[in-house]
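Visitor: Turn this into a structure:
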Amino acid sequence: MTAAENVCYTLINVPSDSEPPSEVSLKADLEKGEIKAKTEALKKVIIMILNGEKLPGLLMTIIRFVLPLQDHTIKKLLLVFWEIVPKTTPDGKLLQEMILVCDAYRKDLQHPNEFIRGSTLRFLCKLKESELLEPLMPAIRACLEHRHSYVRRNAVLAIYTIYRNFEHLIPDAPELIHDFLVNEKDASCKRNAFMMLIHADQDRALDYLSTCIDQVHTFGDILQLVIVELIYKVCHANPSERARFIRCIYNLLQSSSPAVKYEAAGTLVTLSSAPTAIKAAAQCYIDLIIKESDNNVKLIVLDRLIELKEHPTHERVLQDLVMDILRVLSTPDLEVRKKTLQLALDLVSSRNVEELVIVLKKEVIKTNNVTEHEDTDKYRQLLVRTLHSCSVRFPDMAANVIPVLMEFLSDTNEAAAADVLEFVREAIQRFDNLRPLIIEKMLEVFHAIKTVKIYRGALWILGEYCSTKEDIQSVMTEVRRSLGEIPIVENEIKKETGEVKPEDEVSAAPAQKLVTEMGTYVTQSALSSSRPSKKEEDRPPLRGFLMDGDFYVAASLATTLTKVALRYVAIVQDKKKQNSFVAEAMLIMVTVLHLGKSSLPKKPITDDDVDRISLCLKVLSECSPLMNDIFNKECRKSLSHMLTVRLEEEKLSQKKESEKRNVTVQADDPISFMQLTAKNEMTSKEDQFQLSLLAAMGNTQRKEAADPLASKLNKVTQLTGFSDPVYAEAYVHVNQYDIVLDVLVVNQTSDTLQNCTLELATLGDLKLVEKPSPLTLAPHDFANIKANVKVASTENGIIFGNIVYDVSGAASDRNCVVLSDIHIDIMDYIQPASCTDAEFRQMWAEFEWENKVTVNTNITDLNEYLQHILKSTNMKCLTPEKALSGFCGFMAANLYARSIFGEDALANVSIEKPIHLGPEAPVNGHIRIRAKSQGMALSLGDKINLSQKKTNI
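Guide: Numbering: from 1, shown residues only. Below you'll find the model as predicted:
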C-alpha cells in the first residue's frame, strides 16, 4: 500500500491565503503566550509540518511548555502533533525527547477524565514505533477494566492494532480479549472485541459465538452485523460449517434492525440455495422494501430481489411471492413502482396471473380517483402496459382486463389513453371471441373521448371491426351524434346569426333526468353540462375538432364511413336501405368537405385531406370489388402483419434473455462433492464483503485483468516532456461520480526540490475536492500524488494545471512546469438504454438543445457506419433490425442512451450512400443530437466528430 492509499484519520483544512509564520515568533507564543495563543501557535506548527517544514527546534519547547498543560483543546492538538512529527533521527533511532512524551502519555492513560484516556488510546492506534508503546502496555491493559465504556472500547481497539503491528508486545491479546468479551455488557465494547477476535483468532470468535448462539437475537445491531460477517467468512472458507450456523442466520432475519435483516438475507442466499432459504430471504427483502421509507433503500433492495430472480432455480420460489412483491406498489415513488411491475411481470405464470390482474385492476381504478399530477399519469401508463403484456401472454385474462381499461379512453391524459387504444387494437385483432365485447364497450365510451388522436384511433377500430348490421348502425348513430346537426356550415351560420339557439341543437343528444332540492324533475343535456356560457364548449366533440381546423380526423372519418358502408351493402339485401345508408355516409363527407372549404374553421382543410375524402366519395359511388377488398381486407392484413412481426421480436428478445440465464452444464463437467473438496479448493466463490469493499474504493482490478486492453497503461496520460526538470504522468481512474488522478512526479534534476506542489484547475462540471499537499523531492527521486475530482453532470471536462517548486539553496523565484490538459471522456458516464417510440418522440419534442453533426467519414457501408457510431458513443439503436436490413441507398435510425446522472441523450442518424459517385464513395448525411442540457448535446457531438473516421489498427 502506497503512502497515498493509507487510511486517513484526520483531515485538516489549511487556509490558502495565510502567511507562514517564523520559527522565532512561534517559539515565543509557545513559551510565554496565553492558552489561546499557544493553541493558535500549535495549529500553525501542525500545518507547517504537514507542508513539509522541519521544525526540530520547537520539539523541546513543546515538551516543556505545552505538554504539561491540562487544557482539553491543547491535548487534542498535541495528539495530532505527535502523530505527524518525525520521531526518529536520520539514521532511524528514536529521539531521546520521545521518552518524555511517552511518560506524559502514560500519565494520560491513568487520567481520571475518561475523554482524555479514550482519545489517548485512539492516538496509540496510529503509533508505529514499538519502543514508544512498550512502556505503555500495563496502562493499556488496565484500561480494559475502566468503568466507562468509551475507554474500554478504545482500549480494545488499541490492543487490536498493537497486536496486529507488534505481536511480541502483547502475545496473549486474543485470550485477554476473549475473557473481556465473556464478561462485557456494553454493545459497542462487545462489537469491537468480537471484531478483533474475527481478525486475530477466528477459532476463539467461533467458540464465543457457539456459547451464545441462542441469545444472538437479543444482541445490539452493531454486534449482530459483525456476527453475520463472521458466519459468512467461516462458511465461505469452510462450507462444512454451514449447518452449524444457518439457524443463527434464520433468527437474524427477524432482527429489529433493517441493516442486520438485509445483511442476513444476503448471507443466507450465498450459504444455501434451498427453496425455504430463498423464500425466507426474499420475504425479508420484501418486508424491508415496504417498511423502509427511504426510496434509495427500496431501490437497492429491489435490485437484490431482481438478482435473485436471475437465478433459474430461484425464480420458481419467487413466483409464489408475486402477490407479496405487489404490496410494494403502495410506495408513491414512480421508479420503485416501475421496477416492481417489471419484476412482477417477469415472474408471472399461469398459476398467479389471475391474482396479479385483480391487483393491477384495483391499482388502475385507484389512479382514477387520485388528484391528477404527472406521476399519476405515468403510473397509470405503466399499469396499462403491464396489463397489456399479461393479456398478450395469457389471452384468457383479456376479457377481465378490457372493460376496466376501456373507460380510460375518455381520459384527459392522451398518453395513457393511447396505450389503452394500442392494447384494444391488438386484442380485437388477436382474440375473435372478444370482438363483440370490445365493440360494445367502445360504443359506450365513444362520445366521451376528449382528445382527437384517441378519437381517430377509436374511429378506425369501429370502422374495421363492426361486422353486424346493428353495430354498423350504432357507429353511424354515434358519428351523427358527435357531428351534431348537418349540414354543418348552414347550422353554424344560423347559430352565428342567432336563428338557432345552441341549446335547441344540443338537446337532441341523450338527456339525463335530475331531481332538484324541491323534488321536481329537470332535464340536463349531457353536452351542455360543463360550461354552458361558451358556444365552443357546447359543440359535440367531432364538430369541435373540425371547427378547430383538425381535418385529419375528417379523413379518418371518411375511411371509417366507407368501410362500414361497403360492409352494410354486403350484409343488407334491401336496395332502399343500402342506398339510404350510403347516401347518409356521403352526405356526412360532403358536409365536412364544405365546412373545410368555408371560412368557419380556425384552419382550412389541407389538400391531402380533400383528396382522401374525395377518394372515399368516389369509392362509395362506384362500389367496385377491388376497392371493397382494399378497404375491408388489405388494411387488416397489414395490421396483422405488423403485430406478428412485433410478437416475433418480443419472443426473440425473451429467448435471448432466457439463454443468458440458463446454466448450461456439459456432460463431461466434473461433479463437485462438498465433503470431498480440499479446503484450498473452496475459494471458487468470491468473498462478497471483499468485493463490495473493492467496489466502494473504485478498485476494478478484476475487470482489468479479464480485459487486457482496458489495462491501466491505456489510461495513463503524459503531462510533461521527458526533458522537463520535473516529469509527470497521470493515471485517470473514473469511478462513477468521482475521478481519481494518480500523478507520478519524477525529479529529473540533481537538486532537492522543496514545496513541490501540484496545482490543478478544472473546466466544465468538475470540482476539485482537495488541494494536493506539497512534497520535498530528493535528487532523481519520485513520488505519487493523488487528487480527487467530483463530477456533477455528463459533459466533457478538462483538468489542467502546473507543478511549482523551489530549488533548495537557490535565491530565484518559484519554478513552474505547465502540464498538458487531461480530457475527461463523456463515454465513462453514458450507458445504452431503451425507450418506446412514443417516449422517444415526446423527449425529442421537449428537449431544447440540438447539435447537428455533419457526417465526415471514410466508411463506405451504411450499416458499418451505424455500428461504428453505436460503438463509439455507447448508444443503443432503437430502430428494429428488420427496418435496417437490406440496401436502398439511405438509412435513418434513432439512437438513445442515458447517463449515470439520469440525463437522456437522443440521436437521429440520417445517412445515404451517393451511388452516382461510385461504390467506394464514403457515407454522407447528418446526425442530430438532442439533450436537455447544452453540455450533453455538445459533448456527444464532439465525441462523434472525433470518432467518425475508422482507423486501421
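Visitor: Is residue 907 in a helix, a strand, or coil?
Guide: Going by DSSP: H, G, I helix; E, B strand; the rest coil, the secondary structure assigned to residue 907 is strand.
Visitor: Report the buried residues of stretch 313-324.
Guide: Along stretch 313-324, the positions that meet the burial threshold by neighbour count (16 or more other Cβ atoms under 10 Å) are 314, 315, 317, 318, 319, 321, 322, 324. In short, each C-beta sits where N, CA and C put it, glycine included.
Visitor: got it, and stretch 716-723?
Guide: Buried residues in stretch 716-723, counting neighbours by 16+ other Cβ under 10 Å, are found at 717, 719, 720.
Visitor: tell me the contacts of residue 161?
Guide: 124, 125 (Cβ atoms under 8 Å, 6 or more residues apart in numbering).
Visitor: where's it, which helix or strand?
Guide: Here residue 161 is covered by helix 149-165, with elements defined by DSSP states H and E.
Visitor: gap between that helix and the chain center?
Guide: Counting by Cα atoms, centre = their mean, to the nearest Å, helix 149-165 is centred 41 Å from the centre of its parent chain.
Visitor: What ranges does the stretch 351-500 of the chain have for its strands?
Guide: Listed in chain order, the stretch 351-500 of the chain contains no strands at all (DSSP state E, counting those that start in this stretch).
Visitor: still on that earlier bit, helix or strand next in line after the helix holding residue 161, which one?
Guide: Using DSSP H and E, the helix or strand that directly follows helix 149-165 along the chain is helix 173-183.
Visitor: Could you list the residues in contact with that next one?
Guide: The contact list for helix 173-183, computed with Cβ under 8 Å, 6+ apart, reads 141, 144, 152, 156, 159-160, 162-163, 167, 170, 189-190, 193-194, 196-197, 200-201, 204, 207-208.
Visitor: okay, now residue 216: neighbour count?
Guide: By the criterion of other Cβ atoms under 10 Å, residue 216 has 21 neighbours.
Visitor: Now do the same contact list for it.
Guide: By Cβ under 8 Å, 6+ apart, the residues touching residue 216 are 209, 224, 227, 248, 251, 252.
Visitor: want to throw the buried residues of stretch 716-723 into CSV with pLDDT?
Guide: CSV is the format used below for the buried residues of stretch 716-723 (pLDDT from 0 to 100):
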residue, pLDDT
717, 87
719, 90
720, 91
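Visitor: Between the residues you listed, which sits nearest residue 303?
Guide: Within the buried residues of stretch 716-723, distances to residue 303 taken as Cβ to Cβ reach their minimum at residue 717, with 34.3 Å.
Visitor: name the element the nearest residue to residue 948 once chain neighbours are set aside belongs to?
Guide: Counting by Cβ to Cβ, 6 or more residues apart in numbering, residue 948 lies nearest to residue 857, which is 4.5 Å off, once chain neighbours are set aside. Secondary structure assignment for residue 857, by DSSP H and E: no helix or strand.
Visitor: Run a quick neighbour tally on residue 857.
Guide: Using other Cβ under 10 Å, residue 857 is surrounded by 18 other residues.
Visitor: Quick check, it in contact with residue 927.
Guide: No: if you go by Cβ atoms under 8 Å, residue 857 and residue 927 don't touch, sitting 10.7 Å apart.
Visitor: separation between residue 123 and residue 250?
Guide: Going from residue 123 to residue 250 by Cβ to Cβ, to the nearest Å gives 42 Å.
Visitor: More neighbours: these two, which one.
Guide: Using other Cβ under 10 Å, the more surrounded residue of residue 123 and residue 250 is residue 123, with 21 against 17.
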